[in-house]
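A.B. asks: When you get a sec, could you give me coordinates for this:
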Amino acid sequence: MTFYNMALDIQIIWLFILAIAIACIAWTVTHEEVFREPREYCVNRCKDGKTLFERKFFYLFTCEYCFSHYVTALMLIITNYKLLFDDWRGYLIAGFALVFVANIYMSLFALIRTDLKKVRLETEMDEIKKEKDLNNTDSK
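C.D. replies: Reported below is the predicted structural model:
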């Protein structure tokens, strides 16, 4: 069964599910430790590249928004997902919709991670303060 023969509600469900995979891949490549060395190489080539093409090509591996477009294109090829129309317009709409939803997911994930880091740092600071207070009361 092809996507364009599916009901709109099923197409929307697929949109949100495929966007999860796109966001996960794009975030992992552009932010996580497992890809740190290749990402640092790309950052250096992006900054020090001799040609505009070289700088822009390597930039796409450092920006989650940019990289999500390429991951989306790959996912569209793999899944043949189309949204609303059964021709090239379906691919076009699906592509932009997937990038949009995937980037919402990545933004929410970034906010959650930032908030978790903030809470962790506040907890560590409170523990350090308690230890200092305890050491000050012990020395008196």
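A.B. asks: going forward, measure contacts and count neighbours with C-alpha atoms only.
C.D. replies: Will do.
A.B. asks: The spatially most central residue of the chain: what's it in contact with?
C.D. replies: Geometric centre of the chain, nearest residue: residue 27, 3.0 Å, by CA atoms, centre = their mean. If you count contacts by CA atoms under 8 Å, 6 or more residues apart in numbering, residue 27 has them with 64, 106.
A.B. asks: Now do it, the pLDDT please.
C.D. replies: We have a pLDDT of 91 for residue 27.
A.B. asks: Please apply the same query to residue 92.
C.D. replies: Note for residue 92: predicted pLDDT of 95.
A.B. asks: and what of residue 37?
C.D. replies: Per-residue pLDDT puts residue 37 at 91.
A.B. asks: In what element of secondary structure is it found?
C.D. replies: Element membership for residue 37 (DSSP states H and E) is helix 36-48.
A.B. asks: Flag every buried residue along that helix.
C.D. replies: 39, 42, 43, 45, 46 (16 or more other CA atoms under 10 Å).
A.B. asks: which stretches of this structure form strands?
C.D. replies: Along the chain, no segments are classed as strands by DSSP state E.
A.B. asks: gap between the lowest-mean-pLDDT helix or strand in it and the chain center?
C.D. replies: Ranking every helix and strand in the chain by mean pLDDT, DSSP states H and E puts helix 88-139 at the bottom, with a mean of 86. Helix 88-139 sits 13 Å away from the centroid of its parent chain (CA atoms, centre = their mean, to the nearest Å).
A.B. asks: And the helix holding residue 37, what does it pack against?
C.D. replies: Packing partners of helix 36-48 (3 or more CA pairs under 8 Å, 6 or more residues apart in numbering; DSSP states H and E): helix 52-59.
A.B. asks: Just the angle for the helix it packs on relative to helix 36-48, thanks.
C.D. replies: Helix 52-59 and helix 36-48 are oriented at 150 degrees to each other (axes from the mean of the first three to the mean of the last three CA atoms, to 10 degrees).
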